[in-house]
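Engineer: here are the coordinates; sequence isn't available:
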């Protein structure tokens, strides 16, 4: 994507729409990646919380 963007940039202002569309595509890819990381982080936070409770109570549960 970066190479394509640079090529379009070098061509000039006639490619502004194409560059905008390319940037929007990259934004969507980043948002999808962030969504996956956010989901994984939520699961990890839950597990850490359960283990911290288990350290205090001596019992690991998955409520």
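Structural biologist: Structure's in. What do you need? Since the structure is predicted, the reported quantities are computational estimates derived from the model, not experimental observations.
Engineer: what's the helix or strand for the residue nearest to the spatial centre of the chain?
Structural biologist: Per C-alpha atoms, centre = their mean, the C-alpha nearest to the average position across the chain is that of residue 34, at 1.5 Å. Per DSSP states H and E: residue 34 is located in helix 16-57.
Engineer: what about the closest residue to residue 18 other than its chain neighbours, how many neighbours?
Structural biologist: Using C-beta to C-beta, 6 or more residues apart in numbering and skipping residues adjacent in sequence, the residue nearest residue 18 is residue 8, 5.4 Å away. (Glycine included, C-beta is placed from N, CA and C.) Residue 8 has 18 neighbours, counted by other C-beta atoms under 10 Å.
Engineer: Residue 19 is in contact with residue 8, correct?
Structural biologist: Yes: counting by C-beta atoms under 8 Å, residue 19 is a contact partner of residue 8 at 5.0 Å.
Engineer: How about residues contacting the lowest-mean-pLDDT helix or strand in the chain?
Structural biologist: Ranking every helix and strand in the chain by mean pLDDT, DSSP states H and E puts helix 2-11 at the bottom, with a mean of 95. Helix 2-11 has contacts (C-beta atoms under 8 Å, 6 or more residues apart in numbering) with 15, 18-19, 22-23.
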